[in-house]
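[1] can't give you the sequence, but here's the structure:
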């Protein structure tokens, strides 16, 4: 089964699936190795890891396509990604879908913010008109070559205009053919239950460090019928803390041995990055090449 079919199966399922958010290929590999069924790759984590900056829309489509391509190549599970605003008008959206599809993503979500997009939990957001967003959604759907590519439309209207506007936009996104419509900022259990009543299709909850503490639990989300919960910034924040703690220990103790319990062992790291299979592949090709030259010499 392709990763896109796997992702569609997740989104049409009946259980809550947890999707941590990677910030690069290595973190995606860690997530997969720990048994998660899918990985999220968002703009917040990408901008943080690539630029060491907050997500204010500084990156571009090609940077994201390259970044997502590396992530997808590192794992065998579905990767669901952030497409920001589509990086322009309908022609830009079409180009983005083709590039992300080539990168290997299983699904993507498109936002109705004005360009440049910023993290949905940061102040200062603005949204385009409903009609402009519907045109982008249609362009995205028409651009995909693999019908299994999951295309979601997200609105930030709840934090800009009103909750009612956000719900109406989502209903129209679904009428336009989107696979999922998500009202950003709808985070409480009561709001989520309302969204699930009024917006067709699956619901994906976002549990981001950027959102701050929210009164909800995974058990409540599961009981409400939410099919997926993403943790887009958890690994990024964990990695930053881990690096800070390790180098702080090195600085304070002036000793590498003091950091031993804060890092992977060499064996664990090589197992994670697949050193043994790469060495075995080298040896197999070398043996095959040597056998071929011996055969030719004997003729």
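    Cool, the structure landed. This is a predicted model, so every value here is computed, not measured.
[2] all contacts plus neighbour counts: C-alpha atoms, from now on.
    Fine.
[3] For the helix or strand hosting residue 239, give me every contacting residue.
    Element membership for residue 239 (DSSP states H and E) is helix 234-253. With CA atoms under 8 Å, 6 or more residues apart in numbering as the test, helix 234-253 has contacts from 20-23, 27, 45, 48-49, 208-209, 255-256, 258-259, 262-263.
[4] Can you pick out the most distant pair from those residues?
    The largest distance within the contacts of helix 234-253, taken as CA to CA, falls between 208 and 255 and amounts to 35.1 Å.
[5] With neighbour numbers in mind, choose between those two.
    Between residue 208 and residue 255, residue 208 has the larger neighbour count (other CA atoms under 10 Å), namely 19 against 11.
[6] now the more buried one: how far from residue 81?
    15 Å (CA to CA, to the nearest Å).
[7] returning to that earlier point: which element is encountered next along the chain beyond the helix holding residue 239?
    Next helix or strand after helix 234-253 toward the C-terminus (DSSP H and E): helix 266-273.
[8] and that next one, what does it pack onto?
    Applying 3 or more CA pairs under 8 Å, 6 or more residues apart in numbering; DSSP states H and E, we find helix 266-273 packed against helix 25-33.
[9] Quickly run through the sheet partners of the next helix or strand after the helix it packs on, with directions.
    Remark: after helix 25-33, the chain's next helix or strand is strand 39-41, criterion DSSP H and E. Strand pairing for strand 39-41, using DSSP bridges, gives strand 17-22 (parallel), strand 79-82 (parallel).
[10] The stretch 101-250 of the chain: strands as residue ranges?
    Taking DSSP state E, counting those that start in this stretch as the criterion, the stretch 101-250 of the chain contains strands spanning 107-111, 150-155, 180-183, 204-206, 228-231.
[11] Any chance of the ones you listed in CSV with mean pLDDT and distance to residue 144 as columns?
    CSV is the format used below for the strands of the stretch 101-250 of the chain (pLDDT from 0 to 100; distance: least, CA to CA, whole Å):
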stretch, mean pLDDT, distance to residue 144
strand 107-111, 97, 11
strand 150-155, 98, 9
strand 180-183, 97, 15
strand 204-206, 93, 22
strand 228-231, 95, 23
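[12] would JSON lines of the strands paired with strand 39-41 with mean neighbour count be doable?
    Supplementary listing: the strands paired with strand 39-41 in JSON lines, determined by neighbours: other CA atoms under 10 Å:
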{"stretch": "strand 17-22", "mean neighbour count": "24"}
{"stretch": "strand 79-82", "mean neighbour count": "25"}
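[13] now those strands in JSON lines, with mean pLDDT?
    Shown next, in JSON lines, are those (pLDDT from 0 to 100):
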{"stretch": "strand 17-22", "mean pLDDT": "97"}
{"stretch": "strand 79-82", "mean pLDDT": "98"}
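[14] which helices and strands does the lengthiest helix in the chain pack with?
    Looking across the chain with DSSP state H, the single longest helix is helix 275-298. Using 3+ CA pairs under 8 Å, 6+ apart as the contact test, no helix or strand touches helix 275-298.
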